[in-house]
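Q: Structure, please.
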Amino acid sequence: MSDAEFARAQLPRLDRAAAVLGAASALVALYVFGAGLPTEAQFVRVGLWGAVVLVVFGVLAVLGGEFHRPALTWIAGAGLTLAALVQLATLHLAPGLLGRDASAMAAFGGFGIGLLAVALARRSLRDPETPDPGASDRTT
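A: Take a look at the predicted model:
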């Protein structure tokens, strides 16, 4: 199997990974309703706005994976990572902006960094036979 064939075979797997990470992100938003759950099940404590962030960027990641649009995966990953940084910066506030504690920050950051890793891996698997657009500018 050539490098180009290998790269083409990996792209659907990476798109599927983006869609699964996006779906999981949206499912974690259900923990906003976790007040009625047993203590063992409340491992992520997100607020209402945190749930909205998880759902919106989760849906973007699912769409990016299903329709093979890596730009949507980049946007979803960057948005969730930014939400993690906002949560980190506002942890000292009593109610928290997006969540109640650092578990929300971990959820945002985990999904965001995961989506960025998938997007970066997809980008690195471009066809090796395609010339690099900046290659003519470089000197050897």
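Q: List the buried residues for the helix or strand hosting residue 59?
A: Here residue 59, judged by DSSP states H and E, is contained in helix 48-66. Across helix 48-66, burial judged by 16 or more other Cβ atoms under 10 Å covers 50-51, 53-65. Every residue, glycine included, has its C-beta placed from N, CA and C.
Q: Quick check: mean pLDDT of that helix?
A: The predicted model assigns helix 48-66 a mean pLDDT of 93.
Q: what helices or strands is that helix leaning on?
A: helix 3-28, helix 70-89, helix 102-124 (3 or more Cβ pairs under 8 Å, 6 or more residues apart in numbering; DSSP states H and E).
Q: In a markdown table: the ones you listed, plus mean pLDDT, distance to residue 45 and mean neighbour count.
A: Formatted as a markdown table, these follow (pLDDT from 0 to 100; distance: least, Cβ to Cβ, whole Å; neighbours: other Cβ atoms under 10 Å):
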| stretch | mean pLDDT | distance to residue 45 | mean neighbour count |
| --- | --- | --- | --- |
| helix 3-28 | 85 | 11 | 17 |
| helix 70-89 | 94 | 11 | 20 |
| helix 102-124 | 91 | 5 | 20 |
